[in-house]
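>>> From the sequence below, what's the structure:
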Amino acid sequence: MRRSVCIFFLGFAAVLLTVSGCSRFVGPAERPMPLAEEEWRAALGDRGRHWQKYTASFHLRADSAKGKYPLRAVVLADLPDRLRLEAFNLFGQTLGVIIYNKGESSLWVPSEKTLYTARKPEVLTQHFLGVSLPLNVLGYSLAASLPPEQLETFKLLSERSRWVGQSQARDDGWRYEWSFLSQPMTFKAFEARQGLWHYTVNYDPPVPLEVTESPRRIAFLSSDWQMDVTIDQIQTASHMWDDLFLPSFPGGVRRVSLDEHP
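The predicted structure is shown next:
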């Protein structure tokens, strides 16, 4: 009896030693090697070139000084110089067409038979939607890409579980900060600042940097307004016809410069 008890405890101790011995060989999981800044720059450059020309349809809900309202919209983008945004009500009627074409911007409102113009396209978006958002920022945001000139001053920093890209535009004084995740490489959000102006753009879910990936839901937010966008369809285009950005208007159109009459 005593011998069997000893054999039992010796066997039990052997099992414990075997288990503890195995556990000593299991080290911590290896952390992935950090990605070099050149890898990020290359991935963002490829993405920007891929989405230079595209068409997109989406739903948006704006919450601004003009109230809360839903719209449908279509964008034709030929970045960085041309963009056309046409907004519809839920019955498919055109409410407004904003066009940016090589430095010139206009807003056509059919119900008013009025063509508005402004030096800065964000003045037109503010008048139409109550959302002061530069059209080139909208164009790149819908494709989750960066303008080529911002990659020239792009710097990458590591902050805990995220990577932060920073850039400053040379001409207009805007400063940008992007938030990325590295495993896998994804575009999570960005902020834009110019003086007292500040807004953020968040992607839900974050967008993988592979060129074929595209956003699903985007939230634009500032202290004065909020705009939520749900992408219905987005695809690249091989060519954009010039007349899409040079529309003709019916006779008797009233023309108003918002630079002269804010």
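
>>> And the strand or helix carrying residue 57, what does it pack against?
Taking DSSP states H and E as the criterion, residue 57 maps to strand 53-64. Using 3 or more Cβ pairs under 8 Å, 6 or more residues apart in numbering; DSSP states H and E as the contact test, the elements touching strand 53-64 are strand 67-78, helix 135-142, strand 226-236. From N, CA and C alone the C-beta is placed, and that goes for glycine too.

>>> I would like the residues contacting the shortest one, please.
By Cβ atoms under 8 Å, 6 or more residues apart in numbering, the surrounding residues in contact with helix 135-142 are 48, 54, 56, 58, 75, 77, 79-80, 83, 85, 98, 100, 105, 121-122, 125, 146-147, 192, 201, 215, 218, 220, 229, 231, 234.

>>> Please compute how far it lies from its chain's middle.
Distance of helix 135-142 from its chain centroid, counting by Cα atoms, centre = their mean, to the nearest Å, is 7 Å.

>>> circling back to that earlier point, for the strand holding residue 57, buried residues please.
Of the residues in strand 53-64, 53-54, 56, 58, 60, 62-64 count as buried by neighbour count, 16 or more other Cβ atoms under 10 Å.

>>> got the angle for that strand vs strand 67-78?
What separates the directions of strand 53-64 and strand 67-78 is an angle of 160 degrees, with axes from the mean of the first three to the mean of the last three Cα atoms, to 10 degrees.

>>> what's in contact with strand 53-64?
With Cβ under 8 Å, 6+ apart as the contact definition, strand 53-64 has outside contacts at 68-79, 129-131, 142-143, 224-240.

>>> Please repeat the previous calculation with a cut-off of 6 Å.
Counting contacts by Cβ atoms under 6 Å, 6 or more residues apart in numbering, the residues outside strand 53-64 that touch it are 70-78, 129-131, 142, 225-234, 236-237, 240.

>>> any low-confidence regions in the stretch 51-200 of the chain?
Residue ranges of the stretch 51-200 of the chain with pLDDT under 70: 160-161, 168-172.
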